[in-house]
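sequence and predicted structure are below.
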Amino acid sequence: MTVEEIFTRTSVRSFDGRPVPEEDVELMLKAAMHAPSAMNQQCWEFFVVDDVGLLQGLSRAAPYAGPVGRAPMAIVLAADKGRMKAPKMWQQDLAAAAQNILLAAKSRGIGTVWIGIAPHPDRMAAVSGIMGLPEGLKPFCVIAVGYPFGDVVPNEGRYKPERVHRNRFVAKDEASSLLRAAFPGMRSWIGGTAP
Ligand SMILES: Cc1cc2nc3c(=O)[nH]c(=O)nc-3n(C[C@H](O)[C@H](O)[C@H](O)COP(=O)(O)O)c2cc1C
């Protein structure tokens, strides 16, 4: 896998039904478990789901979970409260693991879409019920996995240099007065036409 997967990954919501090879599932799970986690707590559990009834159930667990019902498989990510050393951080840990799954899948030509579950209590309760999770396991997200149906259209370029800040926050007004102070003869052209 290279950084290329980061730039070419896109959510896939229609699948062609081909099963995902077991070795690729294992690659995704290994990638997930290599994610960073707070205090290295690794409190994650992964449920590989290919049971059609469960997939259909999960596709109704959240308002936009429809793709799960069209996928040959899904991975449900959950966190084990009993293994949390930094309990407030579990969702960040699970998000890092989820992203690794998406990228590992992409490296094998496999499509995914992340279905958000936590922190919505209703969605968490629905997934827990469908999956039979005990109280100590907190569902985080469901990832639909499968080979894309049709062409995958790459995302638009998203890099926006104006979202990048160097050092402390500087408000726009402050930035212009700093510039005026530095260049006293300068007319006010910031945001307008350059002299
Ligand atoms: C926390 C989170 C929750 C999401 N939930 C859903 C969802 O419920 N249904 C869905 O189809 N896509 C869901 N997505 C996928 C986003 O819609 C998608 O990542 C976003 O539109 C950007 O498109 P891209 O993934 O193709 O770059 C979710 C993504 C994240 C990170």
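Received the coordinates, thanks. Residues are numbered from 1 along each chain as shown.

surely Ala79 is within a helix?
No: assignment of Ala79 by DSSP: H, G, I helix; E, B strand; the rest coil gives strand, placing it outside any helix.

and the gap between it and the ligand?
In this view, Ala79 and the ligand are 15 Å apart by C-beta to the nearest ligand atom, to the nearest Å. Using the backbone N, CA and C atoms, a C-beta is placed for each residue, glycine as well.

and for Gln41?
Applying C-beta to the nearest ligand atom to Gln41 and the ligand gives a distance of 20 Å.

that residue reaches Gly82, doesn't it?
No: using C-beta atoms under 8 Å, Gln41 is not in contact with Gly82, being 10.8 Å away.

more neighbours, those two?
Set side by side, Gln41 and Gly82 show more neighbours around Gln41, with 17 against 8, by other C-beta atoms under 10 Å.

contacts only, for the nearest residue to the more buried one once chain neighbours are set aside.
Using C-beta to C-beta, 6 or more residues apart in numbering and skipping residues adjacent in sequence, the residue nearest Gln41 is Lys85, 4.4 Å away. Applying C-beta atoms under 8 Å, 6 or more residues apart in numbering to Lys85 gives the contacts 38-39, 41, 43.

beta partners for the residue in the chain positioned nearest to the ligand?
Residue nearest to the ligand within the chain: Gly116 (2.9 Å; C-beta to the nearest ligand atom). Using DSSP bridges, the bridge partners assigned to Gly116 are Cys141.

much appreciated, bye for now.
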